[in-house]
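# Sequence plus the predicted model coming up.
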Amino acid sequence: MRSGPLMRNLTPTYALAKMAETKLQPVVLVAEDEALIRVWAAEVLEDNGFTVLEAANAEAAMRVLEARPEVRLLFTDIHMPGPFDGMELARRVYDRWPHVQLVLTSGRIEPLVGEIPDDGRFLAKPYRADELVGQVQDLLRN
């Protein structure tokens, strides 16, 4: 077997190490219909050590959750186009995947106390990067 620089990274040990490294990073799903906000939030979370998946609406988020059981937190906008919004998405996620932590965001409304399932969190838009990271870290720490 060749052992040059290109082959060295293809060894089983390297592949297992990369898989373990990925598994150690908590997986966060960002569901946001505004592409610029979604990409920005994903980059902020990735820069802070999270593995991030993205969805442009609630239906797409459900498909991601069905395919990726390792998701530990859903960060979703409340107001999104489609047959159901982010609040309904949060309810469905809590019913089906109660281990997934919830952080909801909106620039239009603030949910009432107890309206977000499972004592999820609310982050008002516009939010800062440190606020987003703080909420996510706090929920995943518990």
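Received it, and whenever you're ready, just let me know what you need.
# CA only for contacts and neighbour counts going forward, please
Will do.
# neighbours of Leu112, just the number please.
8 (other CA atoms under 10 Å).
# helix or strand for it, which one?
If you go by DSSP states H and E, Leu112 is not part of any helix or strand.
# distance of the residue nearest to Arg72 when sequence neighbours are not counted from Ala61?
With sequence-adjacent residues excluded and distances taken as CA to CA, 6 or more residues apart in numbering, Arg72 is closest to Val100, at 4.7 Å. For Val100, the distance to Ala61 equals 13 Å [CA to CA, to the nearest Å].
# just Val28 next, same as before
Taking CA to CA, one finds Val28 at 11 Å from Ala61.
# And Ala67, by the same measure?
10 Å.
# From the neighbour counts alone, determine which of these two ranks first.
A count of neighbours by other CA under 10 Å puts Ala61 above the other of Ala67 and Ala61, at 23 against 10.
# isn't there a strand covering that one?
No - assessed with DSSP: H, G, I helix; E, B strand; the rest coil, Ala61 is helix; it does not lie in a strand.
# Might you list the low-confidence residue ranges for the chain?
Scanning the chain for pLDDT under 70 picks out the ranges 1-23.
# What ranges does it have for its strands?
Under the criterion DSSP state E, the chain carries strands at the ranges 27-31, 51-55, 71-77, 101-106, 121-124.
# Of those, which is nearest Glu131?
Checking the strands of the chain against Glu131 by CA to CA gives strand 121-124 as the closest, at 7.9 Å.
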